[in-house]
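In: sequence and predicted structure, then a few things I'm wondering about:
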Amino acid sequence: MGLTRFVLKRPVATVMALLCLLVFGISSVFNATLEQMPDTDQPMLIIIASYSGAGPEDIDELVTQPIEDQVGTIEGVKSMSSTSSENRAMIMLEYDYGTDMDDAYNDLSQSLDALSRQLPDDAETSVMEMNNNAGTTMMLSISNPSQEDLYDYVDQTVVPLLEQISSVAEVEAMGGKSEYYKIELQSDEMAQYQVTMSDVSTAMSTANLSYPSGDAVSGKLELSVSTSLEHETIEALKEVPITTSSGKIVYLEDIARVYEAEESRGGISRYNGQDTISISITKQQSSTAMDVSSEVQEVIESLEADDENLNIRIVRDSADSILSSLKDVALTLVLAAVISMIIIFIFFGDYKASLIVGSSIPTSILVSLILMPAPVFP
């Protein structure tokens, strides 16, 4: 009765205390880490390796297998699985339960750093932690009628700005078509001029060309090449000199077919039937979808302000579903309090008792939210 008497005699202090609980409780909600699923530690790490322009077979031979050989001997690794696809590889490592994942992450990063010299020069690797909330956080659809090569515009203008956001781990663009020069090596001509694949590789390196290694296809060798500014025309590429093992000089056009080709960049992207470029954004493990959403929207507003022809639509945003869930919880809380007040008033006919019960429900929940950041709640 002492507390009840204190509350009744000091209504102003009681109201102020309730207002403080309300303010601090709501503040705790917005300062808390909001995710769709609870954050649980899983003993798994994922290696993402990219090598632009390489097919699945090249990725497996040049990137995936060397990585598997390197990291397979790391202490604590229970199992390992990999997937090699065009331009990239994914290696998933499962560790024994009880393994310190911070130490495992550091050991894996150091192992990949030691391996970097054995991988192709253009190959890049990164390590990600397995998380229930991992995956694509946002999906954007971009169109710009004033740009002839929309993919290059997005890749060189939009993607770098998004990658600068501290809460973003990965930005990937897909859609559109890329033009490149394809070199189809003729085995008969190579034998006639006594030219080896090593001779061609040396010539390509000297000519400042980057390429993945070739595959034997129907008796021919194919080599996909991305040229530097020194070779702006296909004629200049055909005239790249190749020195044979006997010291003779032949030209690329003597042993290969060189022609322009097109390929889809990561897939086909459309929005409402219109060809666009899609961008998938993955957040850092330590960040929340809410952080990513607000920072990405600031970048979008800045980009659209600089270019009136640029149109960026947010196709998917994980923050929207989180906010929707939060609103549902708030609505459920209000309905529970109101229904409790109505039922108590109907059965007891005492509006004071119904008000006490109605106010105690949100008050107790707000107190719990305030105490959530305390050390006793890991």
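Out: It's in.
In: from here on, contacts and neighbour counts on C-alpha atoms
Out: OK.
In: which stretches of the stretch 1-150 of the chain have low pLDDT?
Out: Filtered on pLDDT under 70, the stretch 1-150 of the chain yields the residue ranges 1-4, 29-42, 53, 130-135.
In: all helices for it, in order.
Out: Here the stretch 1-150 of the chain has its helices, by DSSP state H, counting those that start in this stretch, at 2-9, 11-31, 56-59, 65-71, 101-115, 150-153.
In: ranking those helices by burial, who's on top?
Out: The highest mean neighbour count among these, using mean count of other Cα atoms under 10 Å, belongs to helix 56-59: a mean of 20.
In: strands of the stretch 101-250 of the chain, start to end?
Out: Secondary structure of the stretch 101-250 of the chain (DSSP state E, counting those that start in this stretch): strands at 124-129, 136-143, 168-174, 177-185, 215-217, 220-225, 241-243, 249-251.
In: closest to residue 331 out of the helices of the stretch 1-150 of the chain?
Out: Closest approach to residue 331 among those is made by helix 11-31 (14.2 Å; Cα to Cα).
In: distance to residue 328 added to the helices of the stretch 1-150 of the chain, as a markdown table?
Out: Output for the helices of the stretch 1-150 of the chain, formatted as a markdown table (distance: least, Cα to Cα, whole Å):
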| stretch | distance to residue 328 |
| --- | --- |
| helix 2-9 | 32 |
| helix 11-31 | 14 |
| helix 56-59 | 45 |
| helix 65-71 | 45 |
| helix 101-115 | 35 |
| helix 150-153 | 39 |
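In: which one of these lies closest to residue 166?
Out: Nearest to residue 166, of these and by Cα to Cα, is helix 11-31 at 18.3 Å.
In: residues in contact with residue 242?
Out: Residue 242 makes contacts with 199-200, 202-203, 249-252, as judged by Cα atoms under 8 Å, 6 or more residues apart in numbering.
In: re the thing from before, dump the strands of the stretch 101-250 of the chain to JSON lines, plus distance to residue 98.
Out: Listed next are the strands of the stretch 101-250 of the chain as JSON lines, based on distance: least, Cα to Cα, whole Å:
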{"stretch": "strand 124-129", "distance to residue 98": "15"}
{"stretch": "strand 136-143", "distance to residue 98": "28"}
{"stretch": "strand 168-174", "distance to residue 98": "26"}
{"stretch": "strand 177-185", "distance to residue 98": "47"}
{"stretch": "strand 215-217", "distance to residue 98": "44"}
{"stretch": "strand 220-225", "distance to residue 98": "46"}
{"stretch": "strand 241-243", "distance to residue 98": "57"}
{"stretch": "strand 249-251", "distance to residue 98": "60"}
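In: quick check: which of those strands is nearest to residue 97?
Out: Of those, nearest to residue 97 by Cα to Cα is strand 124-129, at 14.6 Å.
In: residues in contact with that closest one?
Out: In contact with strand 124-129 (Cα under 8 Å, 6+ apart) are residues 44-51, 105, 108-109, 112, 285.
In: quick one: which of the contacts of residue 242 is nearest to residue 154?
Out: residue 203 (32.0 Å).
In: so the closest one touches residue 238, yeah?
Out: No - using Cα atoms under 8 Å, residue 203 is not in contact with residue 238; the gap is 11.8 Å.
In: now residue 142: how far from residue 101?
Out: 38 Å (Cα to Cα, to the nearest Å).
In: any low-confidence regions in the stretch 201-350 of the chain?
Out: Using pLDDT under 70, the flagged stretches of the stretch 201-350 of the chain are 208-232, 262-273, 286.
In: if we can go back for a sec, to residue 169, which of the helices of the stretch 1-150 of the chain lies closest?
Out: Taking the helices of the stretch 1-150 of the chain one by one with Cα to Cα, helix 101-115 is closest: 15.6 Å.
In: if we can go back for a sec, mind listing the shared neighbours of residue 203 and residue 238?
Out: Counting by Cα under 8 Å, 6+ apart, nothing touches both residue 203 and residue 238.
In: what's the end-to-end length of stretch 153-161?
Out: End-to-end distance (Cα to Cα), stretch 153-161: 12 Å.
In: for that stretch, buried residues please.
Out: Neighbour-count burial for stretch 153-161, counted by 16 or more other Cα atoms under 10 Å, picks out 154-155, 158-159.
In: likewise stretch 158-175?
Out: For stretch 158-175, by 16+ other Cα under 10 Å, it's 158-159, 162-163, 165, 167-171, 173-175.
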